[in-house]
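1. build me a model:
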Amino acid sequence: MSEFVISYIIDNINSLTWRRKTQMIDKLVTCATGSDIKTLAFALPFIKKYLAPVLIYVAVPDQEVERACDLLLNASNGVNIQVVPDSKIITVKESDIIKKSLKEKGHLDKYGWYLQQFIKIKASSTSEAMQRVLIWDSDTVPFRPIKFFNDERSVNYFVSQEYHEPYFETLTSLLDICKQTPNSFIAQCLPLTSGVASAFINSLGGNDRWVEYVMGNLSDKSPFAFSEYEFIGNYIMKEKLLDVNFIYAPWVREGREYYYKFGSLELATKHLSNKYCFSAFEKIGQNRTRYYLGYFFRRLKSLLFFNRA
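-> Numbers count the residues shown, from 1 in each chain. Here you go, the predicted structure:
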């Protein structure tokens, strides 16, 4: 078995030794709100042990900054963490553009979903060009060491079988880029450099225009017509900005099902860590019946779109 494969399946490795062997993550960027802030607080020791970022940069709604600081800083245990209000990253003008566009389309309820994607992209661009950045979903807990960076130009991406056609309609409209790989980059995390994030924003018109340009070119076929993971991943491949490697190690999105089954994040993660590299625990404060209905329809939609690909 190759060293590359072993690095993803062996959990019994001293984290400090792993950190020396691995190319460093300079900045982990994430957004959190509501119950995800509590999930992120739970995940921090795992992130420190297995990802070892130099800095964890967390954007939260302005009204939740105080609560986020209390929960995250108390759980940080030596992790270098910075909690930032959303308004420090996305301007009022950009926020209004997002709201206006979504209101015209009848999808104003998706404002937060779009906003957090713009925030993660913009926050990833505000560092030195070669700084290694990992965009990481705040509801996701890693269970073992993960090597995202091989060197300054070579990155490793987890994949999924997602396929949502409106994403690629929007991507083609924006950048004339079609799907570059059978894989999907929608996998809870995305490694890149700050320079790549800046180049992506510039390709969309630069800091003063990119939000307006994206919102003005969304596919009309779905309220969900933008994906930072799919867009940046396919952009990197098309422009050959980084050497892309794919990781086919298992991970799970529906960790919340195990949370409901076992009754706690501690027990759910203990069970999942035997098989998976990481798991998402989406909105674990949501009503259980509502969750299962939503899960059913999401899976049905995913299967229908995937079979059309």
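
2. so which residues of this protein form helices?
-> Along the chain, counting by DSSP state H, helices occupy 3-9, 15-21, 35-50, 65-75, 92-105, 111-125, 165-175, 194-203, 210-215, 228-239, 255-262, 265-272, 288-308.

3. mean confidence for the second one?
-> Looking at helix 15-21 alone, the average pLDDT works out to 44.

4. next: the fourth one.
-> Per-residue confidence for helix 65-75 averages out to 94 on the pLDDT scale.

5. relative to Gln131, how far out is the closest residue to Ala68 other than its chain neighbours?
-> In space, and not counting its chain neighbours, Ala68 is closest to Val60: 4.4 Å by CB to CB, 6 or more residues apart in numbering. The C-beta positions use only the backbone N, C-alpha and C, and glycine is treated the same way. Relative to Gln131, Val60 is positioned 22 Å away (CB to CB, to the nearest Å).

6. so for those two, which sits in the more crowded spot?
-> Taking other CB atoms under 10 Å, Val60 and Gln131 do not tie; Val60 has more neighbours (27 against 20).

7. surely the more buried one meets Ala32?
-> Yes. Contact criterion CB atoms under 8 Å: Val60 and Ala32 qualify, at 5.4 Å.

8. shared neighbours of the two, anything?
-> The contact sets of Val60 and Ala32 overlap at Ala68 (CB atoms under 8 Å, 6 or more residues apart in numbering).

9. how about the closest residue to Glu128 other than its chain neighbours, what does it touch?
-> Leaving aside its sequence neighbours, Glu128 sits nearest to Ser194 (CB to CB, 6+ apart; 6.1 Å). Taking CB under 8 Å, 6+ apart, we find Ser194 in contact with 27, 124-131, 133.

10. filter those residues to the buried ones?
-> Neighbour-count burial (16 or more other CB atoms under 10 Å) is assigned, among the contacts of Ser194, to 27, 124-127, 131, 133.

11. farthest pair within these?
-> The span of these, defined through CB to CB, is set by Lys27 and Ser125 at 10.8 Å.

12. measure stretch 121-135 end to end?
-> Start-to-end span of stretch 121-135 (CA to CA, to the nearest Å) is 8 Å.

13. tell me the average confidence for that stretch?
-> 91.

14. which residues touch it?
-> 23-30, 51, 53, 57, 59, 84, 89-90, 120, 148-149, 152, 189-195, 197-198, 200-201, 228-229, 232.

15. for the residue lying closest to Phe262 once chain neighbours are set aside, give me its contacts.
-> Distances taken as CB to CB, 6+ apart place Ala268 nearest to Phe262, at 4.9 Å, with adjacent residues excluded. Counting by CB under 8 Å, 6+ apart, Ala268 makes contact with 255, 258-259, 261-262, 279, 281.

16. let's go with 7 Å and repeat that
-> For Ala268, the contact set (CB atoms under 7 Å, 6 or more residues apart in numbering) comprises 255, 258-259, 262.

17. who wins for neighbours among those?
-> Gly255 (25 neighbours).

18. that one: what's it in contact with?
-> Counted by CB under 7 Å, 6+ apart, Gly255 has contacts 268, 272, 279-281.

19. tell me which of the residues you listed is nearest to Gly216?
-> Ala280 (30.6 Å).

20. number of nearby residues for the closest one?
-> When counting by other CB under 10 Å, one arrives at 21 neighbours for Ala280.

21. could you give the bridge partners of it?
-> Thr140 (DSSP bridges).

22. what's the distance between it and Lys38?
-> In this view, Ala280 and Lys38 are 14 Å apart by CB to CB.
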